[in-house]
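Novice: Let me see the structure of the following:
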Amino acid sequence: MSTSPTTTSSATLREPKPSIYSFSLTDAENNVINFAQFQNKVLLIVNVASLCGFTPQYHELQQLYSKYHSQGLEILAFPCNQFGNQEPKSDKKIASACRRDFGVGFPIMKKIKVNGEDESLLYQFLKNEKRGMFGFKGVRWNFEKFIIDRKGRVVARFDSWITPNQFDGMIQQLLEEGS
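Specialist: Numbers count the residues shown, from 1 in each chain. Model prediction:
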């Protein structure tokens, strides 16, 4: 009896659904950040710009980080220059200014695009998981925030004008659910 290799049709082979934990991206200091390290943590991902009217939100982001980091909150800030050219600086200058001017202790990542042809695969994933206001898929401006729970699910998306202090209670609840 001869055996031949088993063939499987392409209809039965499916790409596994991407997970937030499958991403690895580079921070402003050229360190690779493997998102697998964020398993069982609450993750806040935000696109940022230093010349934006929402830039003072860095203070509130840092307050959240200081308050909840020891309980499992991680924040990743992704500079983006797509909205009004409000983030023209180099990656290292952005990170330095965030630390100096706002006391930021969470990672500042390399500048990315959050919309369009060259958008980051991370942002494709986030936008597919959670649409914005009125079902809008694209990121509308700087300081749009995505919240990921301890199981890796994108559970919330907040527009720019929603400040971090306004969802402090949600962060606390998500942290308590997994502890």
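Novice: got a pLDDT number for Trp161?
Specialist: pLDDT for Trp161: 94.
Novice: Ok, Thr12 next?
Specialist: pLDDT, read off for Thr12, is 50.
Novice: and if you look at Pro16?
Specialist: You'll see Pro16 listed with a pLDDT of 60.
Novice: And the strands in the chain?
Specialist: Secondary structure of the chain by DSSP state E: the strands cover 24-26, 32-34, 42-48, 73-79, 145-148, 154-158.
Novice: elements contacting the fourth one?
Specialist: If I follow you right, that is strand 73-79. Applying 3 or more Cβ pairs under 8 Å, 6 or more residues apart in numbering; DSSP states H and E, we find strand 73-79 packed against strand 42-48, helix 57-68, helix 91-102. Where C-beta positions appear, they are placed from N, C-alpha and C, glycine not excepted.
Novice: For Gln124, find the nearest of the ones you listed.
Specialist: Of all the helices and strands packed on strand 73-79, strand 42-48 sits nearest to Gln124, with 12.9 Å by Cβ to Cβ.
Novice: Which residues outside the closest one are in contact with it?
Specialist: With Cβ atoms under 8 Å, 6 or more residues apart in numbering as the test, strand 42-48 has contacts from 20, 55, 58, 61, 64, 68, 72-80, 87, 98, 108, 112, 114, 122-123, 126, 139, 142-150, 164, 171, 174-175, 178.
Novice: hang on, the earlier thing: looking at the strands of the chain, which is buried most?
Specialist: Sort those by mean neighbour count, taking mean count of other Cβ atoms under 10 Å, and strand 42-48 sits at the top with a mean of 25.
Novice: Given that strand, what are its sheet partners and their directions?
Specialist: strand 73-79 (parallel), strand 145-148 (antiparallel) (DSSP bridges).
Novice: Relative to Leu25, which of those is closest?
Specialist: The closest of the strands paired with strand 42-48 to Leu25 is strand 73-79. By Cβ to Cβ, the value is 8.2 Å.
Novice: which outside residues touch the closest one?
Specialist: Here strand 73-79 has contacts from 28, 33, 38, 41-50, 58, 61, 64-65, 67, 87, 89, 91, 94, 98, 104, 106-112, 114, 120, 122-123, 171, 175, using Cβ under 8 Å, 6+ apart.
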